[in-house]
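>>> sharing a sequence plus its predicted fold:
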Amino acid sequence: MLIDLGIAFGRVAFVMLFVLNVAALLGWVERKQSAIMQDRIGANRASIFGIRALGLFHPLADTLKMLTKEDFRPAGADRLLFDLAPAVSVFFALVAFASIPFGDTLQVAGRVVPLQAVTLNVGVLYVFAMLSLGVYGVMMAGWSSANNYALLGGQRAAALMISAEIAIGASIMGVVMIHGSLNLMDIVRGQGHLLWGWLPAWGIITQPLAFILFVTAGIAATKRIPFDTPEGESEIIGYFVEYSGMKFGMFLMTDMVETIVLAGLSTSLFLGGWQIPYLFAEGFKFPWGAGIALPPLLVTLLQVGAFVGKVAVVIFVLMLIRWTLPRFRYDQAMRLGWLGLFPLAIANIVVTGLVLAAWGNG
Amino acid sequence: MSPMNFRQRFYLVEVLAGLGLTAAHFFRNMGRHTARALGRKGTSGAVTIQYPEERRPYSPRLRSLHRLVRREDGSPRCVACMMCETVCPAHCIYIVADEHPNPEIEKVPRRFDIDLGKCVFCGYCVEACPEDAIRMDTGILEFSSYSRGGMIYTKEMLLSLEPADVSGRPRSPIPLPADRRA
């Protein structure tokens, strides 16, 4: 009983600590990566006892700043909703990661423990449900601020997120059809198969169009540049105009956490999750016959490392997109969502269905 | 601008080209940063000048904070002829003249104040001076104060300044105005 409890706690703790720490680190990654892309150096002045550590203390300094700032609430604002909105936003973003597997199974005290916070049959649906619920935080923030600009921003955000989430849902149907499961663990396991004996059946190879659609719609759903019309920090004012201090910080954190969730999800659905090509439970087995036997613990560690590495790569690409592309106008974003991504996703479903039927293996 | 062709309107190709450009910058700069961190000499990965520690080279003609030139005995070379005060378009110089003990020299300033809050750094005072007693070659650009009074630099402060060295770096510390002294 105690062991079971400990295992359950450990699974949740790993995911929570991973997501929260990486989210804190992302602020630094974002600043440094954009700086290096733009031939700059980036924030490097925050120091503790004269140690600058490449500006790694800046997230700490930012957090301290936000915690000590005035927590302002506009006179006409709805007290309850205004305080609740950032919490709702960040909560649903955080719990969304729960069903994303970060490794295969681990043997602990005679039990086989799947390496994900929660084992869910409907893992994919769960993640999307949580990400969709994030819309409520945004709309609450916009509506309860008693500010028309915030209300308009919240409206833009809601419209954008809903249209993007429909495209996301449609774009991953192909992957779900191939693997015949909504369980993310099953989907990742399914990607361990080899096509024609040598090509890993990762989602990006079996569903390349879906991958592009998913990433595009995913960026829109997380409201990041080039789809940041809801926020538009510098000019068009978004739903969190009236927020200050740590509440504003929580919206920023939501942004980072959603980026991690998106990266984790695209890794699990399209990049083989924790799979390493040719690495099986017993060790490496290469298509040309050679093989290396590895102890199970090392295999598990390699797999968790592969997952973290893939997530890091996806986050790098997402940041690269964020710091390269200019913002879509609102109508352009909507047109792309409804007239571009959504029909293509539907077409992808149809084509996938036809191919699966022709192949006859479901 | 010509209308976009299909490839450009398709967006994806152009996006990938853009991402390639920024990614190339990232990896090139990252490589240079790494090479420098490993102690190898090479081009810097950034064009940033880390300002208070590094400075861009200043032009030798730069007009910076004024200084009063001293005679060999340390007294000001200024003879309080009021030329600079008269020519100053900002009226920021205030001189009170005094008798000089040496009968060969006409006068000496008892007070010589420059209000840098008003000064426009035109350099007319330097051009007008018949004795070459005021120069703007200290290389000091950073002088700030919490009050207007703190921007008034007195004779003693101006006399204590040294000219900049050959590379344009200031040789004397910035005189701290009274309201910035801790």
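On my side now, so go ahead. Residues are numbered from 1 along each chain as shown, chains lettered A, B, ... in the order given.

>>> CA only for contacts and neighbour counts going forward, please
Fine.

>>> and B:R171, what does it touch?
B:T138, B:E162, B:P163, B:A164, B:D165 (CA atoms under 8 Å, 6 or more residues apart in numbering or on different chains).

>>> cool, A:L294 as well?
A:E282, A:G283, A:F284.

>>> look up how far A:V108 lies from the first one.
In this case it means A:E282. According to CA to CA, to the nearest Å, A:E282 stands 18 Å off from A:V108.

>>> also A:W202?
For A:W202, the distance to A:V108 - CA to CA - is 29 Å.

>>> ok, these two, which is more surrounded?
A:W202 (27 against 11; other CA atoms under 10 Å in any protein chain shown).

>>> so B:F26 sits against A:R40, correct?
No - between B:F26 and A:R40 there is no contact under CA atoms under 8 Å: 10.2 Å.

>>> which one of those two is surrounded by more residues?
More neighbours surround B:F26 than the other of B:F26 and A:R40, with 21 against 17 (other CA under 10 Å).

>>> burial of the residue in the stretch 101-250 of chain A positioned nearest to chain B, as a residue count?
Going by CA to the nearest CA, chain B is nearest to A:I212 of the stretch 101-250 of chain A, at 9.4 Å. Residues within reach of A:I212, counting by other CA under 10 Å, total 15.

>>> check the one 5 residues further on too.
A:A217 is surrounded by 27 other residues when neighbours are defined as other CA under 10 Å.

>>> on the three-state scheme, it is what?
helix (DSSP: H, G, I helix; E, B strand; the rest coil).

>>> what sits against it?
A:A164, A:E165, A:A167, A:I168, A:G337, A:L341.

>>> contacts with chain B among those residues, please.
Residues of these in contact with chain B (CA under 8 Å from any CA of the partner chain): none.

>>> rebuild those as TSV, extending it with secondary structure and neighbour count.
As requested, the contacts of A:A217 are exported to TSV (DSSP: H, G, I helix; E, B strand; the rest coil; neighbours: other CA atoms under 10 Å in any protein chain shown):
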residue	secondary structure	neighbour count
A:A164	helix	29
A:E165	helix	23
A:A167	helix	28
A:I168	helix	26
A:G337	helix	25
A:L341	helix	26
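
>>> check residue 8 and give its pLDDT.
No chain was given, so I picked chain A. With respect to pLDDT, A:A8 scores 83.

>>> switch to chain B, please.
76.

>>> same question for A:A306.
pLDDT, read off for A:A306, is 91.

>>> pretty sure it is touching A:P277, no?
No - with contact defined as CA under 8 Å, A:A306 does not count as touching A:P277 (10.2 Å).

>>> tell me how far the residue nearest the centre of chain B lies from B:Y58.
With distances taken as CA atoms, centre = their mean, the residue of chain B nearest its centroid is B:L141 (2.6 Å). As defined by CA to CA, B:L141 lies at a distance of 10 Å from B:Y58.

>>> now swap in A:E165 and tell me
Distance from A:E165 to B:Y58, by CA to CA: 55 Å.

>>> may I have the secondary structure class of A:G273?
Once three-state DSSP is applied, A:G273 turns out coil.

>>> what of A:Q107?
A:Q107 is classified as strand under three-state DSSP.

>>> if I pick it, what's in contact with it?
A:Q107 touches A:V113, counting by CA under 8 Å, 6+ apart.

>>> I'd say A:V112 and A:I7 touch.
No - under the criterion of CA under 8 Å, A:V112 is not in contact with A:I7, lying 10.4 Å apart.

>>> quick one: which of the two has more around it?
Comparing A:V112 with A:I7 by other CA under 10 Å, the one with more neighbours is A:I7, at 17 against 11.

>>> in its sheet, what does the longest strand seen in chain B sit against?
Longest strand in chain B by number of residues (criterion: DSSP state E): strand B:107-115. Neighbouring strands of strand B:107-115 in its sheet, by DSSP bridges, are strand B:93-99 (antiparallel), strand B:152-153 (antiparallel).

>>> what's next to the last one, contact-wise?
The reference is to strand B:152-153. So strand B:152-153 is contacted by B:D113, B:I114, B:D115, B:L116, B:G117, B:P177 (CA under 8 Å, 6+ apart).

>>> and that strand, how far from the chain's centre?
In this view, strand B:152-153 has its centroid 16 Å away from the chain centroid, taken as CA atoms, centre = their mean, to the nearest Å.
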